[in-house]
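J.: 3D, please:
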Amino acid sequence: MSLSTSYWVLETTHRGMVHGGLWDICLESKCNLYQFNLLALHIHVTRAFLLMALFCGFMGLLFSCISFERNKLYDVSVIKVAAIFSFSAGFLVLVAMSLFTTILRKSPGYAQRLVIFGSSFSLGWVSILMYIITGETISTISVYSQTNFRFLMQPLWFSSLIFCTASLMLMLIALFTPYWVIESTPHGLLHGGLWSICLDPNCDFYPINLGALLMKTHRILFQ
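T.: Numbers count the residues shown, from 1 in each chain. Prediction:
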């Protein structure tokens, strides 16, 4: 949910409320995808880490399901692999969220309290906790499988599947919804995510502008 929603950041402007996420930014209900420029460079990095986390989370869920039927796959502990993927997903989300938070907190709009973080952004942080719980639960299963407490494994298995699935859902919603940032403007509520920007009720994908990316990168690196 965090990955797909566009309520990571909210900003109040003279045109209305603006909110954005990792894919788009919205003014009221009108959303547009971000341009491929440095204005959204941190968003591209956030996207990359969240997509990698999404893959790790999916693999963690897959191996958790496999562990119901067999303990090892090619002499490798399936439960341990599931735990590694879950912790890896949580770590990747943590890196993505920390980067996004650091960049936005340094922006002039945030300092002037014009930009605020939205619901999509919050879901990203919640998914980190969910992945940590998932990884810890799966690790506990691995420990109990070698003790006399094997009767606890089945409840823990179901718990790990629930937490892992919930983590994936939260991250997917955050990734694709345009509520990462929100800004209020005279023309209405502007909100955006990682792919588009919206001025209610219309949303548009961000256009590609590679030249702006190179120019702005040079300006920031060498100013």
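J.: what comes up buried for stretch 165-180?
T.: Residues of stretch 165-180 classed as buried: 166-180 (neighbour count, 16 or more other Cβ atoms under 10 Å). Glycine gets a C-beta too; all of them are placed from N, C-alpha and C.
J.: longest helix of the protein?
T.: Ranked by number of residues, the top helix in the chain under DSSP state H is helix 78-105.
J.: Check which helices and strands that one is in contact with.
T.: Counting contacts by 3 or more Cβ pairs under 8 Å, 6 or more residues apart in numbering; DSSP states H and E, helix 78-105 packs against strand 8-13, helix 41-66, strand 115-117, helix 119-144, helix 153-176.
J.: beta partners of residue 12?
T.: Beta-bridge pairing for residue 12 (DSSP bridges): residue 17.
J.: burial of it, as a residue count?
T.: The local packing of residue 12 (other Cβ atoms under 10 Å) involves 20 other residues.
J.: That one is in contact with residue 183, isn't it?
T.: Yes - the criterion here is Cβ atoms under 8 Å, and residue 12 meets it with residue 183 at 5.7 Å.
J.: which ones are touching the closest residue to residue 132 other than its chain neighbours?
T.: Leaving aside its sequence neighbours, residue 132 sits nearest to residue 90 (Cβ to Cβ, 6 or more residues apart in numbering; 5.1 Å). Counting by Cβ atoms under 8 Å, 6 or more residues apart in numbering, residue 90 makes contact with 53, 127-128, 131-132, 134-135.
J.: The nearest residue to residue 121 once chain neighbours are set aside and residue 182, how far apart?
T.: Ranked by Cβ to Cβ, 6+ apart and with sequence neighbours excluded, the top spatial neighbour of residue 121 is residue 8, at 3.2 Å. The gap separating residue 8 from residue 182 is 9 Å, by Cβ to Cβ, to the nearest Å.
J.: Spit out the residues that contact those two alike.
T.: In contact with both residue 8 and residue 182: 19-20, 118, using Cβ under 8 Å, 6+ apart.
J.: follow-up on the earlier one: out of the helices and strands packed on helix 78-105, nearest to residue 95?
T.: Nearest to residue 95 among the helices and strands packed on helix 78-105 is helix 41-66 (5.2 Å), distances taken as Cβ to Cβ.
J.: which helices and strands sit right next to that closest one?
T.: Looks like helix 41-66 contacts helix 78-105, helix 119-144, helix 153-176, strand 188-194, helix 210-222 (3+ Cβ pairs under 8 Å, 6+ apart).
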